[in-house]
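A.B. asks: show me the folded form of this:
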Amino acid sequence: MAKFDPTQYVREVRQEVGRVTWPSRKETLITTGLVLALSAVAAVFFLVVDQIIAFAMRWLFGVGA
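C.D. replies: Here you go, the predicted model:
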């Protein structure tokens, strides 16, 4: 079994981090905005679907406020 060498590990991690292609600030802001917008759209969609189902349950069974 190989021995764990912390200095070797840190060296390898630094090498890998150097190879990563990091997004620009503009790309990060655009993708963040898209995630927030799509989350809001999904929230509104599920709110509408929930209200339709609640209305249908009240109409069918006459229960609920």
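A.B. asks: give me the phi and psi for D5.
C.D. replies: Phi and psi for D5, reported as degrees, to the nearest 10, are phi -110, psi 110.
A.B. asks: how far off centre is the lowest-mean-pLDDT helix or strand in the chain?
C.D. replies: When the helices and strands of the chain are compared on mean pLDDT, DSSP states H and E, helix 6-19 comes out lowest with a mean of 94. Counting by Cα atoms, centre = their mean, to the nearest Å, helix 6-19 is centred 28 Å from the centre of its parent chain.
A.B. asks: put the alpha carbons of that helix into CSV.
C.D. replies: Extracted in CSV, the C-alpha atoms of helix 6-19 (Å, rounded to 0.1, in the frame of the first residue of the first chain):
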residue,chain,number,x,y,z
PRO,A,6,0.8,15.5,1.9
THR,A,7,3.3,17.7,0.0
GLN,A,8,3.0,15.6,-3.2
TYR,A,9,-0.8,15.8,-2.8
VAL,A,10,-0.7,19.6,-2.5
ARG,A,11,1.6,19.9,-5.6
GLU,A,12,-0.8,17.8,-7.6
VAL,A,13,-3.8,19.7,-6.5
ARG,A,14,-2.1,23.0,-7.5
GLN,A,15,-1.3,21.5,-10.9
GLU,A,16,-4.9,20.5,-11.5
VAL,A,17,-6.2,23.9,-10.4
GLY,A,18,-3.9,25.5,-13.0
ARG,A,19,-5.4,23.4,-15.7
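A.B. asks: quick check: what element follows it along the chain?
C.D. replies: Downstream of helix 6-19, the next assigned helix or strand under DSSP states H and E is helix 25-61.
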